[in-house]
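S.K.: Here's a sequence, model it:
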Amino acid sequence: MKYVKLGLRFLLGALFVLAGIYHFVNPAFYIKLMPPYLPAHHGLVLLSGVTEVIAGAMMFFRPTLKLGAWGIVAMLVIFLLVHVHMLLHAEQYPGVPLWALWLRLVFQFLFIAWAWWYTRPDKRHEGTPA
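M.R.: Model (predicted):
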């Protein structure tokens, strides 16, 4: 089990590093998802990209693992604002089917649980890779 958890840890870190980089490659993709009540859309997209890269990279190193995992949890909780806004205002996103908006919300909670897993002490394998 410890190697499964280790592999999933690196996968989660890689996904967040890549997603964060994509914020710089295609910021327009994220800007169009931003709720209108949030200011400075471009700046927030870049900030979230930097944060995703840093938190994702922290997942690769044991000393920064828990902090990175908590950072991912915090980001995903904040990103719930976007997902809920999109659900409540689905008509503003005609290219996205309603089922996809619901699925994104479900996946958000799964990602939160996945990251939260790495915030917990691993009593059975203390001193070994988490």
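
S.K.: How about the residue positioned nearest the centre of the chain, nearest residue that isn't a chain neighbour?
M.R.: Against the mean C-alpha coordinate of the chain, by CA atoms, centre = their mean, the closest residue is residue 76 at 4.9 Å. Excluding its sequence neighbours, the residue lying closest to residue 76 (CB to CB, 6 or more residues apart in numbering) is residue 112, at 4.8 Å. C-beta here means a position set from N, CA and C on the backbone, and glycine is covered the same way.

S.K.: In contact with the one you found, which residues?
M.R.: Shown in contact with residue 112 (CB atoms under 8 Å, 6 or more residues apart in numbering): 73, 76-77.

S.K.: What's the separation between it and residue 103?
M.R.: Relative to residue 103, residue 112 is positioned 15 Å away (CB to CB, to the nearest Å).

S.K.: And residue 39, by the same measure?
M.R.: Taken as CB to CB, the span from residue 39 to residue 103 is 29 Å.

S.K.: neighbour-wise, which of these two wins?
M.R.: residue 103 (11 against 8; other CB atoms under 10 Å).

S.K.: what comes up buried for the helix or strand where that one lies?
M.R.: Assessed by DSSP states H and E, residue 103 sits inside helix 98-117. Residues of helix 98-117 classed as buried by neighbour count (16 or more other CB atoms under 10 Å): 101, 104, 108, 111-112, 114-115, 117.

S.K.: Tabulate those in TSV, adding columns for distance to residue 23 and pLDDT.
M.R.: Converted to TSV, these look like this (distance: CB to CB, whole Å; pLDDT from 0 to 100):
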residue	distance to residue 23	pLDDT
101	20	95
104	17	94
108	17	96
111	16	97
112	19	98
114	20	98
115	18	98
117	25	96
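
S.K.: Show me which of the residues you listed is closest to residue 87.
M.R.: residue 101 (5.0 Å; CB to CB).

S.K.: start to end distance for stretch 28-38?
M.R.: 15 Å (CA to CA, to the nearest Å).
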